[in-house]
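1. next one to model:
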Amino acid sequence: MIIIVLTILAILTYVSWINIEHVPTRVIAGVISMALLVASIWLLTANMSNHYGMKKVTTTTEKTIYSAGGSKSPAGMLITQELGTKSDNYVMIYADREDGKAKAHFVPDKKNMPESVNKTATYKTANVDKATVKTVTTRWEWRNHFFKSMLGFGGEGHSLYKQKATVTIPDNTWVALSAKQAKQVTAKQKAAAQDKTAVAAQQKQMREAVQAKVAAYMKNNPKVSANDVADYTREATAEMTADAMKQMLK
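-> I've put the predicted structure just below:
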């Protein structure tokens, strides 16, 4: 709409100053049309340079994520790859569903780099029960219908201002690994699997350690339910598996 308005006002300004013979009428019409033309140009310039007529609208979403190592492993796994050096901005591999396949998230879109620059993703560990990704998105939206109808010719509405995603994983039952570390752990696990006697001994040791922790838990909580015991057993197994993976990185 603003382009049409500018065209009409430019024509009216020209006609007012050139074609109107009556001087008072010429001056009045010329000044008014020129003032409106200047105001329209200012409105367009202000919108293009400072998003005049728009406001920032922030939305937050949060969802559960699942291990990159699949559901068979008791411990969760998050694979990370930092973009650049000390940028605290990562591509991360995890699954969106418990039975889903792990895939890379937050990969920059090379076809739309201006928007990708405004997107960042990081991760942290915390004392939580499940892994989640929280995404905070801020977009430019029109203040009202007038500004949208006047200035919304270039699709500026709903344009991204910034987006930050934060992946939070449990500090005791998940492990965050770089792509290099993930290969290192996989290689060590394959090498260890060749010695079946050692594998059996390690599995027995872990079972006994988990049983000891569960026994202590039940002793300290004599009225605990069977479901609570099962949940604690899974948590203890996941915690010890995560500890074993962390030891492989040393």
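
2. report the mean per-residue pLDDT for stretch 97-113.
-> For stretch 97-113, mean pLDDT is 90.

3. in it, what's buried?
-> Within stretch 97-113, the residues that count as buried by 16 or more other Cβ atoms under 10 Å are 102, 105, 106. Every C-beta, even on glycine, is put in place using the N, C-alpha and C of the backbone.

4. quick one: which of the residues you listed is nearest residue 48?
-> residue 106 (29.4 Å; Cβ to Cβ).

5. ignoring the adjacent residues along the chain, who's closest to the closest one?
-> In space, and not counting its chain neighbours, residue 106 is closest to residue 121: 3.8 Å by Cβ to Cβ, 6 or more residues apart in numbering.

6. wait, is the one you found part of a strand?
-> Yes - counting by DSSP: H, G, I helix; E, B strand; the rest coil, residue 121 is located in a strand.

7. doesn't residue 94 make contact with it?
-> No - between residue 121 and residue 94 there is no contact under Cβ atoms under 8 Å: 11.3 Å.

8. who has more neighbours out of the two?
-> The neighbour comparison of residue 121 against residue 94 (other Cβ atoms under 10 Å) goes to residue 94, with 25 against 21.

9. chain center to the helix or strand harbouring that one: distance?
-> If you go by DSSP states H and E, residue 94 is part of strand 90-94. Strand 90-94 has its C-alpha centroid displaced from the chain centroid by 10 Å (Cα atoms, centre = their mean, to the nearest Å).

10. just checking, what packs against that strand?
-> strand 76-82, strand 103-105, strand 119-126 (3 or more Cβ pairs under 8 Å, 6 or more residues apart in numbering; DSSP states H and E).

11. about what we covered before: now do the shared contacts for residue 121 and residue 94.
-> Residues touching both residue 121 and residue 94 (Cβ atoms under 8 Å, 6 or more residues apart in numbering) are 105, 167.

12. tell me the secondary structure for the residue positioned nearest the centre of the chain?
-> Nearest to the geometric centre of the chain sits residue 165, at 2.7 Å (Cα atoms, centre = their mean). For residue 165, the assignment made with three-state DSSP gives strand.

13. ok, now the one 10 residues further on?
-> The assignment at residue 175 comes out as strand when based on three-state DSSP.

14. low-confidence regions, the protein specifically.
-> Within the chain, the stretches with pLDDT under 70 are 154-155, 192-193, 198-199.

15. how's it carved up into domains?
-> When the chain is parsed with automatic domain parsing, its domains come out as 2-50, 56-175, 180-248.

16. hey, which of those domains is tucked in deepest?
-> domain 56-175 (a mean of 15; mean count of other Cβ atoms under 10 Å).

17. and that domain, how far apart are its ends?
-> The straight-line separation of the ends of domain 56-175 (Cα to Cα, to the nearest Å) is 36 Å.

18. ok so, going back, parallel or antiparallel, which strands does the strand holding residue 94 pair with?
-> If you go by DSSP bridges, strand 90-94 pairs up with strand 76-82 (antiparallel), strand 103-105 (antiparallel).

19. quick one: closest of those to residue 23.
-> Of those, nearest to residue 23 by Cβ to Cβ is strand 103-105, at 69.3 Å.

20. so what touches the closest one?
-> 91, 92, 93, 94, 95, 96, 121, 133, 165.

21. by contact count, what packs against the biggest helix by length in the chain?
-> When the chain is parsed with DSSP state H, its longest helix is helix 23-50. When contacts are defined as 3+ Cβ pairs under 8 Å, 6+ apart, helix 23-50 packs onto helix 2-18, helix 145-151.

22. any chance of the ones you listed in CSV, with distance to residue 75 too?
-> CSV is the format used below for these (distance: least, Cβ to Cβ, whole Å):
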stretch, distance to residue 75
helix 2-18, 57
helix 145-151, 50
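
23. tell me which of these lies nearest to residue 189.
-> helix 145-151 (56.8 Å).
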